[in-house]
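K.L.:
sharing a sequence plus its predicted fold:
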Amino acid sequence: MDLEQIITDLIQKLERRFYGKYRGIVVDNADPKKLGRLKLQVPSVLGDEVVTGWALPCLPYGGDVNQGFWFIPEVGAGVWVEFEEGDLEFPLWVGTFWSEAGGESEAPKPNDKTGAEQGSVQDPPTSKIIKTKKGHTIQLEDADGDEQVIIQDNQNKHLISLNSTGIQIQDGTNKNEMILNSDGMSFTDANKNEMILNSEGMSFKDVNGNKITLDKTSGGIPGTPGIQMNGGKKVCLEGLINWLMTHTHIGNMGAPCPLNPADIAKLAPLPALPDGDILSKKVKLG
């Protein structure tokens, strides 16, 4: 073969090759081999009617068993297309692109710390956002003074928000909420029952207004002054003790008789011990 023929063959080969990137549209993403392949239309190369064979993905991570970057574009999405070694028989999809549908960018809009979507694409783009077609979102905000992470299940309105004030977890389906911040921790259920833990102690409040408070020195149930708990592990049931001390019953002769003095002494409040504890050293709590 002479040099002229070799050059002719090379020119013909190059003329049948397609190098570079071309705009394509996803026609099918249900790959029977589950390899993330797509069928595509590439109008500038194949016209408006021809659909490619299954185009392999070009992804930033993967290539081995049960690991990788699995983000498959939806049908109708715009993707960048290449051909392996320029051969039309071996299409590849290597990325995606957004357009301005109706004059507005298709890029995902950021959410605020409550999970509410903002009205426009962020400018400047300080957030790193992963958002699905259903609105499920992972958002990493790097703006100075507003650093935060938001994870949201948009369908069920579940939300995890991590920011400079603390952590908020919302159960959107059942309306339960947990907040962790500089004040402490609070838990509120759908019925508005609430538990608060902070530097002062603990408090419990139910939907009916009943409340239990435990602070540094004592604890009590408002509205029931006969029940008191203090830091010495003592529980003083004053109302019950007073009732027992004044209680009378029918004696041998049929007349009411009070408790014996010895019994009254047993019910009287015990004096505080040096270590502030009335429990036996052999008795352990919890």
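P.N.:
Received the coordinates, thanks.
K.L.:
now stretch 75-92: average pLDDT?
P.N.:
Taken as a whole, stretch 75-92 has an average pLDDT of 95.
K.L.:
host element of the residue most central in space within the chain?
P.N.:
Central residue of the chain (Cα atoms, centre = their mean): I160, 3.2 Å from the mean position. Assigned by DSSP states H and E, I160 belongs to strand 158-163.
K.L.:
packing partners of that strand?
P.N.:
On a contact count with 3 or more Cβ pairs under 8 Å, 6 or more residues apart in numbering; DSSP states H and E, strand 158-163 meets strand 148-153, strand 166-171. (Each C-beta comes from the backbone N, C-alpha and C, glycine too.)
K.L.:
got any ranges where the chain has weak pLDDT?
P.N.:
Counting by pLDDT under 70, the ranges of the chain that qualify are 1, 9-10, 12-14, 217-245, 247-286.
K.L.:
before we move on, the earlier item: of the helices and strands packed on strand 158-163, flag the one that's most buried.
P.N.:
Compared across those, strand 148-153 shows the largest average neighbour count, a mean of 19 (mean count of other Cβ atoms under 10 Å).
K.L.:
list the contacts of that one.
P.N.:
The contact list for strand 148-153 (Cβ atoms under 8 Å, 6 or more residues apart in numbering) reads 111, 113, 115, 135-141, 158-164, 172.
K.L.:
ditto for stretch 86-96
P.N.:
Outside of stretch 86-96, the residues within contact range by Cβ under 8 Å, 6+ apart are 17-19, 21, 24, 38, 40, 42, 45-46, 52-53, 55-58, 73, 77-84.
K.L.:
list only buried entries from these.
P.N.:
The neighbour-count test (16 or more other Cβ atoms under 10 Å) marks 18, 24, 38, 40, 42, 45-46, 52, 55-57, 73, 77, 79-83 as buried among these.
K.L.:
mind checking which of the residues you listed are in strands?
P.N.:
Per DSSP state E, strands hold the following members of the buried ones among the contacts of stretch 86-96: G24, L40, L56, P57, V79, W80, V81, E82, F83.
K.L.:
dig out what the fourth one forms beta bridges with.
P.N.:
In this entry, P57 is beta-bridged to W93, by DSSP bridges.
K.L.:
might you report the residue contacts of it?
P.N.:
L35, G36, R37, L38, I72, L92, W93, V94.
K.L.:
what about it, distance to D171?
P.N.:
P57 sits 36 Å away from D171, going by Cβ to Cβ, to the nearest Å.
K.L.:
try the second one
P.N.:
In this view, L40 and D171 are 41 Å apart by Cβ to Cβ.
K.L.:
still on that earlier bit, nearest to K128, out of the helices and strands packed on strand 158-163?
P.N.:
Among these, strand 148-153 comes nearest to K128, with 9.9 Å by Cβ to Cβ.
K.L.:
for that closest one, which strands pair with it and how are they oriented?
P.N.:
Strand partners for strand 148-153, identified by DSSP bridges, are recorded as strand 137-141 (antiparallel), strand 158-163 (antiparallel).
K.L.:
quickly list what the nearest residue to K211 once chain neighbours are set aside is bridged to.
P.N.:
Excluding its sequence neighbours, the residue lying closest to K211 (Cβ to Cβ, 6 or more residues apart in numbering) is K205, at 4.6 Å. K205 has these beta-bridge partners by DSSP bridges: E194, K211.
K.L.:
now M185: which helix or strand?
P.N.:
Using DSSP H and E, M185 falls in strand 184-188.
K.L.:
counting contacts, what elements does that strand pack onto?
P.N.:
Checking 3+ Cβ pairs under 8 Å, 6+ apart, strand 184-188 ends up next to strand 176-181, strand 194-198.
K.L.:
nearest to Q122 among those would be which one?
P.N.:
Among those, the nearest to Q122 by Cβ to Cβ is strand 176-181 (25.7 Å).
K.L.:
and the closest one, how far out from the chain middle?
P.N.:
Computed by Cα atoms, centre = their mean, to the nearest Å, the chain-centroid distance of strand 176-181 equals 11 Å.
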